[in-house]
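> Need the 3D shape of this:
(one chain, ligands or ions: 1)
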Amino acid sequence: MSTLVMRQDLMRRTVQPPVPVPADHEFGRLELLLRLRRNPLTIWRRQHFQDRIVAGKSLLGYGVVLSDPAAIRHVLVENVANYRKDDLQRAILAPGLGEGLLTVEGEAWKRARRTLAPLFTPRRVAALARKMLPPIEAQVARMAGRRRGRIVDISQDMTRLTYDVLAETLFSNSIAGGAAAFGEALTRYFETQGRIDPLDVLGAPSWLPRIGRIRSRPAVAFFENRVESIIADRQALRRAGAPIEGDEPPDLLSALLDARDPETGQGLSDAEIGANIVTFIGAGHETTANALTWTLYLLSLAPEIREQVEAEADAVAGDPAAAALGGEGLAMTRAVIEEAMRLYPPVPSLSRAAIADDEVGGVAIPKGALVIVAPYVLHRHETLWEEPASFRPERFLPGARERIDRYAYLPFGAGPRICIGQQFAMVEAVLALSLMVRALRFDHAGDRPPRPIHQITLRPDGGMPMKVTPRR
Ligand code: HEM
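As a prediction, the model looks like this:
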């Protein structure tokens, strides 16, 4: 409990869930390196939550941390051409995600984004929502079938759930060699790849081996090979004109094979299709799983809000998919997920490198400077939020949500590189939460509060033990 705070204000019934207490002092090189390695969430100092722009030199070079909505809009939208993804982020993500949409730059990114945008339109996501239902229902049934009151690590259940949803929406679950082995390789990849390597921080040349990456290499190779054979199998079926089981509505693999650049008519190469499949899994799996894990945790701290979410789930039981697609029926369910992503943003930090000199809010951004927009800091900034540390989902209910500055809440980023899977993720999360709480009640069962740790995504260190009880 020493570095975590948790306070329950019984008078006002607001809950302040645990986070590392921000330090007051500046860090020396070694301390910063250790913090980056162990848990980058602990590099944020009190000053970051109070000042909207914090600039200075550190191990990472000259850096500017922006929590000023206008400055963020400048970097991510107005002057976006002056900023590219920085080398550290690329070093962490690129080895697994290859030339997928998340990691490519410049013309290659523009072409890929144009080509892939039609895969995630609201109409397409609505069709995909139908494919999400069976894997979510199967996960709920698995959880309901366990011994009553058994304590389980719910973060593993959520990882399985979001993985199964991706397997179904991407490939109609036709994974050669079995979904379980594929999923295990993926988990190994995240466990080994996810830590920041000091060599990357120090800008060491890429040929110097990074321990985490060496360990993750077999896992990366395994699932890249599997993806290759999934694509080859599907192409063979299509060439033969054979029916593709479960591909109605068409899955994302069919859509990737049919995708054409609207400007040139060109399709994607097999390598690009493979890289984007791995990217969709890499970007869409752990993120959504963590959003759901933290949501269930927060609901277990706030029984009154949990009851409201349960009541919504009971009321839309007939057609939860329609409600998840934006109907009013699940307003509190959606608000709870948004508030959970405010307090525990699955992507806690975004970074860019300045291509040429620039200036924001009177602060110079020299060429090469690192610009950080950290949703974790922004979402808890003392000048932007009332009671920033409290779990108050009503901020996101219709009527209140419109008052939140667009650039003060960025779980999915902003500007041209905003998350392409945003609607997909929200529909999936709302649907999954609603179906889960309709059948089950989740209570945190750890003997101490969970410790949030930043490992590519923001996850509970050591998992999230919860007691799961059937509601009826
Ligand atoms: C709660 C779930 C999710 C969160 C919080 C999330 C968050 C983000 C964020 C913050 C970015 C921007 C990164 C940056 O600007 O540096 C991003 C980009 C991206 N996300 Fe998501 N994401 C989620 C789910 C998904 C899903 C389900 C998919 C795909 C099925 C996906 C695919 C992508 C891709 C491909 C990009 C790169 C877009 C580009 O650069 O053009 N994400 N995501």
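
> Send me stretch 141-154 as PDB with only the CA atoms.
C-alpha atoms of stretch 141-154 as PDB (Å, rounded to 0.1, in the frame of the first residue of the first chain):
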ATOM      1  CA  ALA A 141     -21.100 -19.200 -20.500                       C
ATOM      2  CA  ARG A 142     -17.600 -20.300 -19.600                       C
ATOM      3  CA  MET A 143     -17.400 -17.900 -16.700                       C
ATOM      4  CA  ALA A 144     -20.900 -18.800 -15.500                       C
ATOM      5  CA  GLY A 145     -20.100 -22.500 -15.600                       C
ATOM      6  CA  ARG A 146     -17.300 -22.300 -13.100                       C
ATOM      7  CA  ARG A 147     -17.700 -23.200  -9.500                       C
ATOM      8  CA  ARG A 148     -19.700 -20.600  -7.700                       C
ATOM      9  CA  GLY A 149     -17.700 -17.900  -6.100                       C
ATOM     10  CA  ARG A 150     -14.400 -19.100  -7.400                       C
ATOM     11  CA  ILE A 151     -11.600 -16.500  -7.600                       C
ATOM     12  CA  VAL A 152     -10.200 -16.000 -11.100                       C
ATOM     13  CA  ASP A 153      -7.800 -13.600 -12.800                       C
ATOM     14  CA  ILE A 154     -10.400 -11.700 -14.800                       C
END
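
> The stretch 51-200 of the chain: strands as residue ranges?
53-58, 61-66, 83-85, 151-153 (DSSP state E, counting those that start in this stretch).

> and the second one, average pLDDT?
In this model, strand 61-66 has a mean pLDDT of 93.

> buried stuff in that strand?
Tyr62, Gly63, Val64, Val65, Leu66 (16 or more other C-beta atoms under 10 Å). All C-beta spots, glycine's among them, are computed from the backbone N, C-alpha and C.

> Does the last one touch Ile372 like I think?
Yes: contact status for Leu66 versus Ile372: in contact at 7.0 Å, counting by C-beta atoms under 8 Å.

> For the ligand, what is the nearest residue in the stretch 151-300 of the chain?
Closest approach between the stretch 151-300 of the chain and the ligand, counting by C-beta to the nearest ligand atom: Gly284, at 2.7 Å.

> try the chain
Gly421 (2.3 Å).

> give the contact list for that residue.
Phe120, Phe280, Ala283, Gly284 (C-beta atoms under 8 Å, 6 or more residues apart in numbering).

> one step back: and the nearest residue to the residue of the stretch 151-300 of the chain closest to the ligand once chain neighbours are set aside, what's its pLDDT?
In this structure, Gly284 finds its nearest non-sequential neighbour in Gly421, 5.0 Å apart by C-beta to C-beta, 6 or more residues apart in numbering. For Gly421, the model assigns a pLDDT of 96.

> same check, this time on Thr115
Reported pLDDT for Thr115: 96.

> Figure out the helix or strand that the most centrally placed residue in the chain lives in.
Taking C-alpha atoms, centre = their mean, the centroid of the chain lies closest to Thr287, which sits 2.6 Å from it. Assigned by DSSP states H and E, Thr287 belongs to helix 286-301.

> and that helix, what does it pack onto?
Here helix 286-301 touches helix 154-171, helix 303-315, helix 331-343, helix 422-439, strand 440-444, strand 457-460, strand 465-470, going by 3 or more C-beta pairs under 8 Å, 6 or more residues apart in numbering; DSSP states H and E.

> okay if I get those as TSV plus mean neighbour count?
Shown next, in TSV, are these (neighbours: other C-beta atoms under 10 Å):
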stretch	mean neighbour count
helix 154-171	24
helix 303-315	17
helix 331-343	25
helix 422-439	23
strand 440-444	19
strand 457-460	24
strand 465-470	18
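
> Secondary structure element holding Leu257?
helix 252-258.

> Just the mean pLDDT for that helix, thanks.
Across helix 252-258, the average pLDDT comes to 94.

> Flag every residue of the stretch 51-200 of the chain that's near the ligand.
Leu101, Leu102, Arg113 (C-beta under 6 Å from any ligand atom).
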